[in-house]
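Chemist: Quick one, structure for this:
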Amino acid sequence: MKALLLLATALGLAVAPAAADEVSLQLGGRPVELSAPLRERLATLAREVLRRCGPNTTQQPGNFGLAAYGVEQRWQRLLGESRLRVVFAEPFVSESHLGGALGVSEALIGLEHPRLLVGPDLTRHGTAYVEHLECGYLASLELACLAELQPRLPARYSEACARLERDAQGRIVMPPPLIAPSCS
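Modeler: Predicted structure coming up:
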């Protein structure tokens, strides 16, 4: 962890949560009006989702094959689909389970994907576009199961969310593998 803090400092990245400059949500091809508390909650969840991920297209491109080369095009396509977009006031570091860290100044998290409950997960820092796999699983589920979003999402979301176990604070706890829906 100390090495990660040193890396963050060297890259000029913030390591503590900060307010988001911009949060937008689009579902079913249409923008969703967001209250200030919901914008803040979505930005916090996006940061949690991306804080620690598995392989990414920059540091582990072999896990993506030829798809490692089309990240910017997927970013552009996802902008027009159902997604959460957060531009962070202060960039932060995303650490890979496989080693390495990347700066994140903007996040694009897909929703309503035919094969995923949440995902794909893409980030941008400067001119570098990156796709991530196996990001913050529980935070991804929290995002997909937010009560404020349920009326706007397909029925499969509320059905999956109803099966998830929650703790005393209402946070989702690790669900059994056969119940848990896919996240990227």
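
Chemist: which stretches of the chain form strands?
Modeler: 20-27, 30-32, 52-53, 83-96, 101-111, 118-125, 128-132 (DSSP state E).

Chemist: Single out the most deeply packed of the ones you listed.
Modeler: strand 118-125 (a mean of 24; mean count of other C-beta atoms under 10 Å). Every C-beta, even on glycine, is put in place using the N, C-alpha and C of the backbone.

Chemist: distance between that one and the chain's centre?
Modeler: 6 Å (C-alpha atoms, centre = their mean, to the nearest Å).

Chemist: Kindly report the same for stretch 105-114.
Modeler: Distance, stretch centre to chain centre, for stretch 105-114: 6 Å (C-alpha atoms, centre = their mean).

Chemist: so where is this protein shaky, pLDDT-wise?
Modeler: 1-20, 175-184 (pLDDT under 70).

Chemist: related to what we said a few turns ago, would you format the strands of the chain as JSON lines with distance to residue 156 included?
Modeler: Below are those laid out as JSON lines (distance: least, C-beta to C-beta, whole Å):
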{"stretch": "strand 20-27", "distance to residue 156": "14"}
{"stretch": "strand 30-32", "distance to residue 156": "18"}
{"stretch": "strand 52-53", "distance to residue 156": "24"}
{"stretch": "strand 83-96", "distance to residue 156": "17"}
{"stretch": "strand 101-111", "distance to residue 156": "12"}
{"stretch": "strand 118-125", "distance to residue 156": "12"}
{"stretch": "strand 128-132", "distance to residue 156": "23"}
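
Chemist: nearest to residue 152, of those strands?
Modeler: Closest to residue 152 of those is strand 20-27 (C-beta to C-beta; 4.8 Å).

Chemist: For that closest one, C-alpha coordinates in CSV please.
Modeler: These are the backbone C-alpha positions of strand 20-27, laid out as CSV (Å, rounded to 0.1, in the frame of the first residue of the first chain):
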residue,chain,number,x,y,z
ALA,A,20,-17.1,14.7,-8.9
ASP,A,21,-17.1,17.5,-11.4
GLU,A,22,-19.6,15.8,-13.6
VAL,A,23,-22.0,12.8,-13.2
SER,A,24,-24.3,11.7,-16.0
LEU,A,25,-26.6,8.7,-16.3
GLN,A,26,-28.2,7.4,-19.4
LEU,A,27,-30.7,4.6,-19.5
